[in-house]
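Participant: any chance you can model this:
(chains A and B)
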Amino acid sequence: MSGTLAVYQKELSTYFRSPIAYYVVAVFLLGTGYFFLYNIFLTGEATMAETFQNMGVLLLTLIPVVSMRLFSAEYSARTMELLLALPLKPWQIVLGKYFGAVTMLLLMTVGTLIDLVPLYLFGTPETTTVLSGYVGFVLLGMACLAVGQFFSSLTQNQIVAALITASVLLGYVLRSLFGYLSFALHFADFIRGLVRTEAVTFYLVVGAIALTLNASYLQWRR
Amino acid sequence: MSSSPAVIVLESVSKRYGSKAIIHDLSFTVGKGEIVGFLGPNGAGKTTTMRMIAGVTVATFGRVTVAGYDMATQNADAARQIGYLPEHPPLYDTLDVSAYLRFVAKVKGVRRAAIPVELERVTAACRLEAVVRHEVYKLSRGYRQRLGLAQALLGKPEVLLLDEPTAGLDPGQIQETREVIRSFGADHAVLLSTHILSEVTLICRRVAIINHGRLLAIDSPSGLERAVEQTNRVTLQVTAPAQALREALLSVEGVSSLEIHASPGDHAVLTVDCQVDARDGVEALIARAVASRWDLHRLERQQPTLENIFLKYVKEAPLPGEAA
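Facilitator: Numbering: from 1, shown residues only, chains lettered A, B, ... in the order given. Just a heads-up that it's a prediction; the model follows:
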């Protein structure tokens, strides 16, 4: 456990010492703020439903930027050599990195709470719907990060990792292409205020599969 | 063979990447309290061997054990006993020096309370005190190399694997780094890969020479020198007619063959390389034979150097058919 924790702490300090994290958070919060205002003034309804839709799409474009460096940067800086030689099991490296990325996601999510202030000041939104939307958003983000992290472990080129992740994630949004497996289909439930076990399980299983593939790949590479 | 218990053991280790064989049937041991030099030309398989011992990659055939742990299955347990400095120091550019060392110490299982003392120990040993607060990307090449060595020393490992630890250092730093390695090697097992042959003579108890993924020789530097005595040469510079000089030298007992060439700059002076046998005093016989008749400018007996030995082994080793 201490190994996972050490990797996690290292990841966090790496995030906050690189400009990419600040860039991603800033773009996400500005984008969300813009969509929020646009939706509120357009519909005149105190609801987050449209904004959550937009946040989902924004997230899918920003996740590859967060996840691309997770392993690719370790390969290109040759620090993977250190991680593999240290007393760490592959799953400890994978989880430490993943939790670091999820922490970034949570920070981004917390930042959007500021939009709720005017919503509650000037209207009466349904709290349960807002809450379920946030739960869905975080679950969606967690699944996407796991997928992005796996693709990052396949190449030492960050751009390639980002492009593969982006195309796969954007492809997953298309309901017509993936049907039941579409990320958007399950997210829509949360936005309507439904926290269905099936949808929660879907995202968790997708994340778990991606992380397992990630750890197995590291083991296989040895 | 070393008398001390073996800490690093390689038993018939081979490594293949696809159909390409990198290491063939490699076996040797490194004992506690021993520094073994690992020599070989570029691409000989030194780094791959180091990576297998460090547990970064797994041997295709054979067994690597470190401190009793099998590196194929128990590498995470063995890793606490290993300090590894790869060819390129594995550093995180965005962290500062102390944050980087703290990360490695934590992963190596150094107790939280002991971390400051441990950091102080390795920064002092590697002379990093001046840059502890610096970010890694601002460090010069020498500091990066020493930071890489510092992380390897963290947690007092049993085994130290150093892949060209003095590359990129200035002469003063090289000497300091050798001191660190030498003092560490007194009661640990150290495998040191290097291109600098004098380094091996200075600090290693034994030398392993490897080429094309095969072990060519492993012995003490002096043992290797004895084994290659035919590299004994006497070089002299003399002003004399070539034919008469050749006859005079070949009549000296102990001189087996010789080559005469004109000296650069002064064509009247001849430079002669004599192959001699190993007996003592042969250079005195040569000096007497030459100096009585001609003008002898210089005479030097060249002992077999590690350079010669290395080149001899590397040149003589046949190319393995399957690696081609």
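Participant: select the helix or strand of chain A having the lowest average pLDDT value.
Facilitator: helix A:175-178 (a mean of 63; mean pLDDT, DSSP states H and E).
Participant: can you report how many residues neighbour B:H297?
Facilitator: 14 (other CB atoms under 10 Å in any protein chain shown). To be clear about C-beta, it is placed using only N, CA and C from the backbone, and glycine gets the same treatment.
Participant: where does it sit: helix, strand or coil?
Facilitator: strand (DSSP: H, G, I helix; E, B strand; the rest coil).
Participant: over to B:F28?
Facilitator: Following three-state DSSP, we place B:F28 in the strand state.
Participant: separation between it and A:L88?
Facilitator: According to CB to CB, to the nearest Å, B:F28 stands 28 Å off from A:L88.
Participant: now B:G185
Facilitator: The span separating B:G185 from A:L88 equals 27 Å under the rule CB to CB.
Participant: where does the stretch 151-300 of chain B dip in pLDDT?
Facilitator: By pLDDT under 70, the low-scoring segments of the stretch 151-300 of chain B are B:227-231, B:278.
Participant: can you name the residue of it nearest to chain A?
Facilitator: At 7.4 Å from chain A, B:Q151 is the closest residue in the stretch 151-300 of chain B, using CB to the nearest CB.
Participant: tell me the domain ranges of chain B?
Facilitator: Domain assignment of chain B by automatic domain parsing yields the ranges B:6-226, B:233-302.
Participant: endpoints of the shortest one, how far apart?
Facilitator: Distance between the boundary residues of domain B:233-302 (CA to CA, to the nearest Å) amounts to 5 Å.
Participant: who's more crowded, B:F28 and A:L88?
Facilitator: Taking other CB under 10 Å, B:F28 and A:L88 do not tie; A:L88 has more neighbours (23 against 20).
Participant: for A:H186, see how far away the closest residue to that one other than its chain neighbours is.
Facilitator: The shortest distance from A:L88 to any non-neighbouring residue, by CB to CB, 6 or more residues apart in numbering or on different chains, is to A:G3 (4.8 Å). Taking CB to CB as the measure, A:G3 falls 33 Å from A:H186.
Participant: near chain B, which residues of chain A?
Facilitator: A:2-3, A:5-7, A:9-10, A:13-14, A:17-18, A:77-82, A:84-89, A:222 (CB under 8 Å from any CB of the partner chain).
Participant: narrow those to those in helices?
Facilitator: Residues of the residues of chain A next to chain B located in helices (DSSP state H): A:2-3, A:5-7, A:9-10, A:13-14, A:80-82, A:84-85.
Participant: please identify the helix or strand for A:V135.
Facilitator: Using DSSP states H and E, A:V135 sits in helix A:127-152.
Participant: packing partners for that helix?
Facilitator: Under the contact criterion of 3 or more CB pairs under 8 Å, 6 or more residues apart in numbering or on different chains; DSSP states H and E, helix A:127-152 touches helix A:49-67, helix A:69-76, helix A:90-111, helix A:158-173, helix A:183-191, helix A:197-221.
Participant: output these in TSV; the columns should cover mean pLDDT and distance to A:V135.
Facilitator: What follows is those, written out as TSV (pLDDT from 0 to 100; distance: least, CB to CB, whole Å):
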stretch	mean pLDDT	distance to A:V135
helix A:49-67	90	11
helix A:69-76	94	24
helix A:90-111	95	10
helix A:158-173	88	19
helix A:183-191	84	6
helix A:197-221	94	8
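Participant: save these as a markdown table, and put in mean neighbour count too.
Facilitator: Listed next are the helices and strands packed on helix A:127-152 as a markdown table, based on neighbours: other CB atoms under 10 Å in any protein chain shown:
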| stretch | mean neighbour count |
| --- | --- |
| helix A:49-67 | 22 |
| helix A:69-76 | 21 |
| helix A:90-111 | 20 |
| helix A:158-173 | 18 |
| helix A:183-191 | 21 |
| helix A:197-221 | 16 |
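Participant: in space, what's closest to the residue nearest to the spatial centre of chain A - neighbours in sequence excluded?
Facilitator: The centroid of chain A falls nearest to A:G141 when counting by CA atoms, centre = their mean (2.9 Å). Spatially, and ignoring its direct neighbours in sequence, A:G141 is nearest to A:L105 (4.4 Å; CB to CB, 6+ apart).
Participant: hang on, the earlier thing: touching, the residue nearest to the centre of chain A and A:L59? I think so.
Facilitator: Yes - using CB atoms under 8 Å, A:G141 makes contact with A:L59 at a distance of 5.6 Å.
Participant: for chain A, see how far away B:A72 is.
Facilitator: Distance of B:A72 to chain A, given as CB to the nearest CB, to the nearest Å: 9 Å.
Participant: can you check B:E120 too?
Facilitator: Computed as CB to the nearest CB, the B:E120 to chain A distance reads 19 Å.
Participant: the host helix or strand of that residue - contacts with which helices or strands?
Facilitator: Using DSSP H and E, B:E120 falls within helix B:115-125. In this structure, helix B:115-125 packs against helix B:97-107, helix B:141-153, with contacts taken as 3+ CB pairs under 8 Å, 6+ apart.
Participant: turn the ones you listed into TSV, including mean neighbour count.
Facilitator: Shown next, in TSV, are these (neighbours: other CB under 10 Å):
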stretch	mean neighbour count
helix B:97-107	23
helix B:141-153	23
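Participant: adding distance to B:A284, write these out as TSV.
Facilitator: As requested, the helices and strands packed on helix B:115-125 are exported to TSV (distance: least, CB to CB, whole Å):
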stretch	distance to B:A284
helix B:97-107	58
helix B:141-153	46
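Participant: which residues touch the residue lying closest to A:A49 once chain neighbours are set aside?
Facilitator: Nearest residue to A:A49 in three dimensions, chain neighbours excluded: A:I191, at 5.2 Å (CB to CB, 6+ apart). When contacts are counted by CB atoms under 8 Å, 6 or more residues apart in numbering or on different chains, A:I191 touches A:A49, A:F52, A:Q53, A:T129, A:S132, A:G133, A:G136.
Participant: one more time with 6 Å
Facilitator: By CB atoms under 6 Å, 6 or more residues apart in numbering or on different chains, the contact list for A:I191 reads A:A49, A:F52, A:G133.
Participant: residue numbers of chain B in contact with chain A?
Facilitator: B:54, B:56-58, B:76, B:79-80, B:84, B:86, B:88, B:90, B:94, B:103, B:106-107 (CB under 6 Å from any CB of the partner chain).
Participant: mind listing what's buried along stretch B:21-40?
Facilitator: By neighbour count on 16 or more other CB atoms under 10 Å in any protein chain shown, the buried set for stretch B:21-40 is B:21-24, B:26, B:28-40.
Participant: now, these that are in strands?
Facilitator: Those of these mapping onto strands are B:21-24, B:26, B:28-31, B:34-39, per DSSP state E.
Participant: separation between B:K20 and B:H212?
Facilitator: Distance, B:K20 to B:H212, by CB to CB: 12 Å.
Participant: next: A:V195.
Facilitator: Note on A:V195: its distance to B:H212, by CB to CB, is 63 Å.
Participant: for B:E34, give its distance to B:G155.
Facilitator: On the measure of CB to CB, B:E34 and B:G155 end up 20 Å apart.
Participant: strands along chain B, start to end?
Facilitator: Ranges of strands in chain B, per DSSP E, are B:6-17, B:20-31, B:34-39, B:61-66, B:69-70, B:82-85, B:159-163, B:189-193, B:206-211, B:214-219, B:233-239, B:255-262, B:269-276, B:295-302.
Participant: would you mind measuring from the nearest residue to A:V173 once chain neighbours are set aside to chain B?
Facilitator: Excluding the flanking residues, the one nearest A:V173 by CB to CB, 6+ apart is A:A184, at 4.7 Å. Distance, A:A184 to chain B, by CB to the nearest CB: 35 Å.
Participant: for chain A, give me its nearest residue in the stretch 101-250 of chain B.
Facilitator: Closest residue of the stretch 101-250 of chain B to chain A, CB to the nearest CB: B:K106 (3.9 Å).
Participant: how about that residue, what does it touch?
Facilitator: A:A6.
Participant: what about 7 Å?
Facilitator: A:S2, A:A6 (CB atoms under 7 Å, 6 or more residues apart in numbering or on different chains).
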